[in-house]
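Engineer: Need coordinates for the following:
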Amino acid sequence: LLAGRLSKDRGSITDGTDLFQRPTVVALAPLRQARWFLAYQQQQEDAFAERRRLEILALGVFLVAALAAFVVSYLLASQVATQLAEADRKQNIMSDKVIETGRLASIGELAAGIAHEINNPVAIMVEEAGWIEDLLADSAGASGETATEIARAVKQIRTQGERCKAITHKLLSFA
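Structural biologist: Model prediction:
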């Protein structure tokens, strides 16, 4: 008040110390056209106790919110990582299946080619065996034992040719 920090037309708040050298807050307000003054003195720790409680509460709320944000972020990141790992696993399975399908298709094409290449000579052998049988039936000039042996060999050729033909048809069906 004596230092001139007091305004006569409006109130003021200043800080200082009390008789025991504790920090205080002094509030002054003029009354009746500045003839009288209302003064109020309070220790700073009492004056700002509510503010400190609010600051601590705000800090606590901020820390809880930050912790909650961290936990939610961690959970979401772990869920996304799990989904990505699952998608990667499924992609690997699909890639393996595509490779296996390609291999089977190649084997099928190979089997079809082999069956075709074997079937052509076998068909010619069977036809030639039939032609030899027809010749033997028409010519009676060969001796009986030789003719019987030739007929047996031709029959064996025809039987084995038919067997090869059946095998190649099965191979083509598989392909």
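Engineer: Select the longest helix from the chain.
Structural biologist: Longest helix in the chain, counting residues (DSSP state H): helix 49-138.
Engineer: Any idea how far that helix is from the middle of the chain?
Structural biologist: The chain centre lies 12 Å from the centre of helix 49-138; the measure is CA atoms, centre = their mean, to the nearest Å.
Engineer: average pLDDT for the very next helix or strand once past it?
Structural biologist: Downstream of helix 49-138, the first helix or strand assigned by DSSP states H and E is helix 144-174. Averaging pLDDT along helix 144-174 gives 78.
Engineer: Helix 144-174 packs against which elements?
Structural biologist: Applying 3 or more CB pairs under 8 Å, 6 or more residues apart in numbering; DSSP states H and E, we find helix 144-174 packed against helix 49-138. (C-beta placed from N, C-alpha, C; glycine too.)
Engineer: Helix 144-174 and the helix it packs on, what's the angle between them?
Structural biologist: For helix 49-138 against helix 144-174, the angle by axes from the mean of the first three to the mean of the last three CA atoms, to 10 degrees is 160 degrees.
Engineer: avg pLDDT for helix 49-138?
Structural biologist: Mean pLDDT, helix 49-138: 89.
Engineer: The chain should start at 28 in everything you say after this.
Structural biologist: With 28 as the first residue, the last one maps to helix 76-165.
Engineer: Does anything pack onto it? Which helices or strands?
Structural biologist: Helices and strands touching helix 76-165, as assessed by 3+ CB pairs under 8 Å, 6+ apart, comprise helix 171-201.
Engineer: What residues of the helix it packs on count as buried?
Structural biologist: By 16 or more other CB atoms under 10 Å, the buried positions in helix 171-201 come out as 181, 184, 185, 188, 191, 192, 195, 198.
Engineer: Without its sequence neighbours, what residue ends up closest to the last one?
Structural biologist: What it means is residue 198. Excluding the flanking residues, the one nearest residue 198 by CB to CB, 6 or more residues apart in numbering is residue 142, at 4.2 Å.
Engineer: now residue 198: how far from residue 85?
Structural biologist: Counting by CB to CB, to the nearest Å, the separation of residue 198 from residue 85 is 82 Å.
Engineer: circling back to that earlier point, closest one of the buried residues of helix 171-201 to residue 137?
Structural biologist: Closest approach to residue 137 among the buried residues of helix 171-201 (CB to CB): residue 198, at 10.0 Å.
Engineer: Number of residues surrounding residue 64?
Structural biologist: A count of nearby residues for residue 64, using other CB atoms under 10 Å, gives 14.
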